[in-house]
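> the amino acid sequence is not available; the structure is as follows:
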């Protein structure tokens, strides 16, 4: 991953959408979607979430930044009436095919996250689900929190597992094995990277390798939710993450979950947060 300082950050949404559009063919192959042919199969992300997610059967939920819908389908298999939102039309094409193939009716809508209230009804959903690697594409976490609150019914809840902002601030893998903070921890104007590949194994390179990434500190996230009228009821930090962000420093200790190979207490990799609308 290389930094790129010659990009107009005001074009972040178009840059990131082109990048995600270019990932879709690789993800459709690399996500092992054929596993959903087993009617009991759930994505590894949602399976990890189950102890803190609880029973969602009969609830109406929306998965924001849903990508190709593997987690959305998994939530539907748990009995929720699901909608999904994403800004990538090719990703939603895959998501719709996946849902249809497995007999689930999921309402997918195309929109940037910040346009969610233009395409989804306010105060309609019992829960909002936000998955791994979502907030890092958004420049304004307070605006995100306000949209989440607007979508929820009173008493509804947000559930998210997300990459930890400490992890997002780390430099790429170093020969000396040290974990070094190189990138912003707090919300800023964005950091531009060039990544020729995505996080699943594949042949070939992305046609749109440039991305603009944003970090948000924990206090910024908490305050955004509190100011939007949400009460945080669960917060857990985890020593694992569902991909390998640090090369040889990591090991896969269970299917789909990676942890540091040595001294795991050094670093929080992800967190789970649940917040209810007052």
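All right, it came through fine. These numbers were taken from a predicted model, which means no experiment stands behind them.
> and the top strand by length along the chain, what's its mean pLDDT?
Longest strand in the chain by number of residues, with DSSP state E as the criterion: strand 152-163. Over the span of strand 152-163, the pLDDT mean works out to 98.
> partners of it in the sheet?
The strands beside strand 152-163 in its sheet (DSSP bridges) come out as strand 125-130 (parallel), strand 270-277 (antiparallel).
> surely residue 130 meets residue 65?
Yes. At 6.7 Å, residue 130 counts as touching residue 65 under the criterion of Cβ atoms under 8 Å. In this view, the C-beta of every residue, glycine as well, is placed from N, C-alpha and C.
> re the thing from before, deepest of the strands paired with strand 152-163, which one?
Stretch with highest mean neighbour count among the strands paired with strand 152-163: strand 125-130 (a mean of 24; mean count of other Cβ atoms under 10 Å).
> which outside residues touch that strand?
Residues outside strand 125-130 that contact it (Cβ atoms under 8 Å, 6 or more residues apart in numbering): 56, 59-65, 71-72, 75, 80, 83, 148, 151-153, 156-160, 162.
> ok, now which ones touch residue 218?
Neighbours of residue 218 in contact, by Cβ under 8 Å, 6+ apart: 165, 271.
> check what pLDDT it gets.
So, for residue 218, pLDDT stands at 98.
> likewise for residue 129?
Note on residue 129: pLDDT of 98.
> beta partners of it?
Taking DSSP bridges as the rule, residue 129 bridges to residue 63, residue 159.
> quick one: it and residue 162, what's the gap?
From residue 129 over to residue 162 the distance is 11 Å, taken as Cβ to Cβ, to the nearest Å.
> same question, residue 180
Relative to residue 162, residue 180 is positioned 22 Å away (Cβ to Cβ).
> three-state assignment of residue 150?
Secondary structure, DSSP: H, G, I helix; E, B strand; the rest coil: residue 150 is helix.
> nearest approach to residue 260 belongs to which of the strands paired with strand 152-163?
strand 270-277 (12.5 Å; Cβ to Cβ).
> where in the protein is pLDDT low?
The chain contains residues with pLDDT under 70 at 1-6.
> now the strands for it?
2-3, 60-64, 81-86, 107-110, 125-130, 152-163, 191-194, 210-213, 230-238, 240-241, 250-254, 257-260, 270-277.
> so which of these gets nearest residue 36?
strand 81-86 (14.3 Å).
> circling back: and residue 180 and residue 162? which has more neighbours close in?
Using other Cβ atoms under 10 Å, the more surrounded residue of residue 180 and residue 162 is residue 162, with 20 against 11.
> residue contacts, residue 43?
Here residue 43 is in contact with 70-71, 73-74 (criterion: Cβ under 8 Å, 6+ apart).
> brilliant, that's me finished.
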